[in-house]
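Asker: sequence first, predicted coordinates after that:
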Amino acid sequence: MKYFLIFGTFILVIALTAGFCGKTPRAFIVPPNWPESTYDFKSNPLTVEGVELGRVLFYDPILSSDNSISCANCHSPYNAFTHVDHALSHGIHDRIGKRNSPALMNLAWYKEFMWDGAIHNLDVQPLAPITHADEMGSNINDVISRLKNTELYPKLFHAAFDTDEITGEYMLKAMSQFMLTLVSCDSKYDRMKRNEIAFNEQELHGYGLFINHCSACHKEPLFTTNDFVNNGLPMDSSLHDHGRMNITQNSKDDRKFKIPTLRNVEFTAPYMHDGRFKKLSAAIEHYTSGIQVSETLDSLLSKPMNLTKEDQVDLLTFLLTLSDRKFLFDDSHSFPKKYFLE
Amino acid sequence: MSSLNFFSLENQSMIDVPKFFFAALSMFYSQMASATMRDSIHVSFSFYYGDDLLIPGKMHSDGTTIEFCKLYLTHVELINRSGNGAVDKEKVHLIDLTSEVSQSWVIENHNSIEHAAIRFDLGIDSVLNTLGVFGGSLDPTNGMYWTWQSGYINFKLEGIRTSESGVTESFQFHLGGYRFPFNTLRSVSYNTSDHLIHFGIDVKYFLECAEEKGIEHVMSPGENAMEMTEVLEKSIFLSQ
């Protein structure tokens, strides 16, 4: 009995200390040989209930003003959480935004979000699409009111945060928790790196080309440095998008955009911040013959890649090894139909 | 024996015990009250439109109606002549024109320092701006967080101007920004040894300065936000 009491007290103290009372902790595992994640998990520890709430919110159009658009509309799981075949994001009333919706994965390693880095923390990222007139056209207070007036959400918030309150903080933290679980680390490339399989000759040659020409910006294993660069795209004649300069108001940042990850690039077409390239081969061709020189062009791109057609095919073949089908079809990321259909 | 001579010498032997007990109790409570006064500094904040108290939604004689006014005061601290301080346990105060509760609070001066000044930050610092999402005064539902770009709005003023001909025009001043070179956080201090410290903000002065500078509205970090933050500093005053 004495030992039972001591053990029980120990467990209770651990549970209270960890802040998980009534909740089920969910581990976040950094894949072997990956850098440490940058997200502050201490301020928002993952729990099974928190992730589940975030998942339901992610797929629920209740976030939009007319109940028509969910996050998943522009971030579909089967396309590595981007919007396939759409150059620019879509919103309520068929409105069209100004940027290509970015793929969502490995977000625990990112410090800045959006093509121009306007958002500096994953927790506050959903505020941008929720409130943008061309996306969800809503506001956080209306969303909170709508969530409170459902049967479902008070229960889910209670399960996730041990509270009867639904607040902006809890909603955003839950959404972060779900998005943090979107980790893609099981592509053919990853399995090759873990010595589970070997690349064929063409893939190996493509990998070599990648290391020589692309890896400085698309740095392994995340396949991005998270920096902002001008990659030589001519200014779009209708969007006039100055990218990072809009945020810093510094002309040195003119036409700089975030370097996107190349993981699952096979599924994230169309490419670039404005979705101007429908095919991956066209994106590669840009770096061989399409770069426009300007004052802010990244120095690494001052000389074109000079790849033969065969090299371009081999490079493309390597890029296809970054596809992670296990990630794309992971049930734990998919539409939570039991909350909506059953 | 009448009650009038209750304290007379001849009755001294009868009243000594209750008299001294009462006196001791009075002194004790007096000391307690004095200590409480010394240990608790009351801070309050009022909104003015020129000489008038600002009432949300009320049109002033010049045709201006203020609908929304909130500002963040953070890291409030009492400082003595040696530079040591008593720190307000509440790191963040969101002062709201429409919420009386938000306009006053108490700083516990546990070390009983003889303060000579009060200092605070006007706005949210870069650390709080970048750590993630918070609840309470910092919850994004307070309408003090930019959504298209990360960052808190330090001061938000919205209203309507009605001209003599009846034409109405809305105005918005959203001052914020924490990144160099447009960091709008301002650390300010005021000399005072009072235990009841009352601040005011003159919104009329703020709007007149904006008009003089030709700044009709501010909606993002930048040079105008920096310029109007200087005006904001001058719009806040310590009531004597």
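Answerer: Right, received. Where do you want to start?

Asker: ok, stretch B:96-116 near chain A or not?
Answerer: No. Stretch B:96-116 does not reach chain A (Cβ under 8 Å from any Cβ of the partner chain); its nearest approach is 14.4 Å. For the C-beta atoms, the positions are set from N, CA and C on the backbone; glycine is no exception.

Asker: can you check stretch B:204-223 too?
Answerer: Yes. Judged by Cβ under 8 Å from any Cβ, stretch B:204-223 comes into contact with chain A at B:Pro221, B:Gly222.

Asker: need the three-state assignment for the residue nearest in space to the middle of chain A.
Answerer: Nearest to the mean C-alpha position of chain A, by Cα atoms, centre = their mean, lies A:Leu104 at 2.0 Å. Following DSSP: H, G, I helix; E, B strand; the rest coil, the label given to A:Leu104 is coil.

Asker: let's see the pLDDT reported for residue 191.
Answerer: With no chain named, the answer covers chain A. Looking at A:Arg191, its pLDDT is 98.

Asker: chain B is the one I meant
Answerer: 95.

Asker: for the closest residue to it other than its chain neighbours, list each beta-bridge partner.
Answerer: Sequence neighbours aside, B:Ala117 is the residue nearest to B:Asn191 in space, at 5.0 Å (criterion: Cβ to Cβ, 6 or more residues apart in numbering or on different chains). Judged by DSSP bridges, the bridge partners of B:Ala117 are B:Ile79, B:Asn191.

Asker: now for B:Ala117, how many residues are close by?
Answerer: 16 (other Cβ atoms under 10 Å in any protein chain shown).

Asker: could you check the pLDDT of it?
Answerer: With respect to pLDDT, B:Ala117 has a value of 95.

Asker: show me where chain B has helices.
Answerer: Taking DSSP state H, the helices of chain B run over residues B:12-39, B:126-130, B:203-213, B:223-235.

Asker: and those, which one is worst for confidence?
Answerer: Taking the mean pLDDT of the helices of chain B, helix B:12-39 comes last: a mean of 50.

Asker: wait, what's in contact with the residue most central in space within chain B?
Answerer: Among the residues of chain B, B:Phe45 comes closest to the average C-alpha position under Cα atoms, centre = their mean, at 4.0 Å. Contact analysis of B:Phe45 by Cβ atoms under 8 Å, 6 or more residues apart in numbering or on different chains lists B:Leu73, B:Ile95, B:Gln103, B:Ser104, B:His198, B:Phe199, B:Gly200, B:Ile201.

Asker: measure it to B:Val101 for me?
Answerer: 12 Å (Cβ to Cβ, to the nearest Å).

Asker: hmm, back to that, for the nearest residue to the residue nearest to the centre of chain A once chain neighbours are set aside, report the pLDDT, please.
Answerer: Among residues not flanking A:Leu104 along the chain, A:Phe81 sits closest, at 3.6 Å (Cβ to Cβ, 6+ apart). For A:Phe81, the model assigns a pLDDT of 95.

Asker: pull up the residues of the stretch 151-300 of chain A that are close to chain B.
Answerer: Counting by Cβ under 8 Å from any Cβ, the stretch 151-300 of chain A sits next to chain B at A:Thr167, A:Gly168, A:Glu169, A:Tyr170, A:Leu172, A:Lys173, A:Ser176, A:Ile247, A:Thr248, A:Gln249.

Asker: ok, now with 6 Å
Answerer: The stretch 151-300 of chain A comes close to chain B at residues A:Thr167, A:Gly168, A:Glu169, A:Leu172, A:Gln249, as judged by Cβ under 6 Å from any Cβ of the partner chain.

Asker: need the residues you listed in CSV with secondary structure, can you?
Answerer: Listed next are these as CSV, based on three-state DSSP:
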residue, secondary structure
A:Thr167, coil
A:Gly168, helix
A:Glu169, helix
A:Leu172, helix
A:Gln249, coil
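
Asker: among those, which one has the most neighbours?
Answerer: Taking other Cβ under 10 Å to define a neighbour, the member of those with the most is A:Leu172, carrying 27 neighbours.

Asker: and B:Ser170, bridged to which residues?
Answerer: B:Ser170 has these beta-bridge partners by DSSP bridges: B:Ile160.

Asker: test my guess that A:Ser37 contacts A:Tyr110.
Answerer: No. Applying Cβ atoms under 6 Å, one finds A:Ser37 not in contact with A:Tyr110, separated by 9.3 Å.

Asker: who has more neighbours, these two?
Answerer: Between A:Ser37 and A:Tyr110, A:Tyr110 has the larger neighbour count (other Cβ under 10 Å), namely 23 against 17.

Asker: give the contact list for that one.
Answerer: Taking Cβ atoms under 6 Å, 6 or more residues apart in numbering or on different chains, we find A:Tyr110 in contact with A:Asn226.

Asker: how much space separates it from chain B?
Answerer: Distance of A:Tyr110 to chain B, computed by Cβ to the nearest Cβ, to the nearest Å: 13 Å.

Asker: what of A:Glu49?
Answerer: 18 Å.

Asker: now swap in A:Ala72 and tell me
Answerer: 20 Å.

Asker: CA atoms of the helix or strand containing that residue as CSV?
Answerer: Assessed by DSSP states H and E, A:Ala72 sits inside helix A:71-74. Extracted C-alpha coordinates of helix A:71-74, given in CSV (Å, rounded to 0.1, in the frame of the first residue of the first chain):
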residue,chain,number,x,y,z
CYS,A,71,-7.6,24.9,-44.9
ALA,A,72,-7.6,21.6,-46.7
ASN,A,73,-9.2,23.3,-49.8
CYS,A,74,-5.8,24.8,-50.6
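
Asker: mean confidence score for it?
Answerer: On average, helix A:71-74 scores 94.

Asker: run the chain-centre distance for it.
Answerer: The chain centroid and the centroid of helix A:71-74 are separated by 12 Å under Cα atoms, centre = their mean, to the nearest Å.

Asker: for it, packing partners?
Answerer: With contacts defined as 3 or more Cβ pairs under 6 Å, 6 or more residues apart in numbering or on different chains; DSSP states H and E, helix A:71-74 has no helix or strand neighbours.

Asker: again, only this time at 7 Å
Answerer: Using 3 or more Cβ pairs under 7 Å, 6 or more residues apart in numbering or on different chains; DSSP states H and E as the contact test, the elements touching helix A:71-74 are helix A:48-59.

Asker: can you list contacts of the helix it packs on?
Answerer: A:23-24, A:26, A:63, A:70-72, A:156-157, A:159-160, A:171, A:173-179, A:181, A:335-336, A:339 (Cβ atoms under 7 Å, 6 or more residues apart in numbering or on different chains).

Asker: so for that helix, mean pLDDT?
Answerer: Here helix A:48-59 scores 98 as its mean pLDDT.

Asker: for A:Lys155, what are phi and psi?
Answerer: With angles defined as degrees, to the nearest 10, A:Lys155 sits at phi -70, psi -40.
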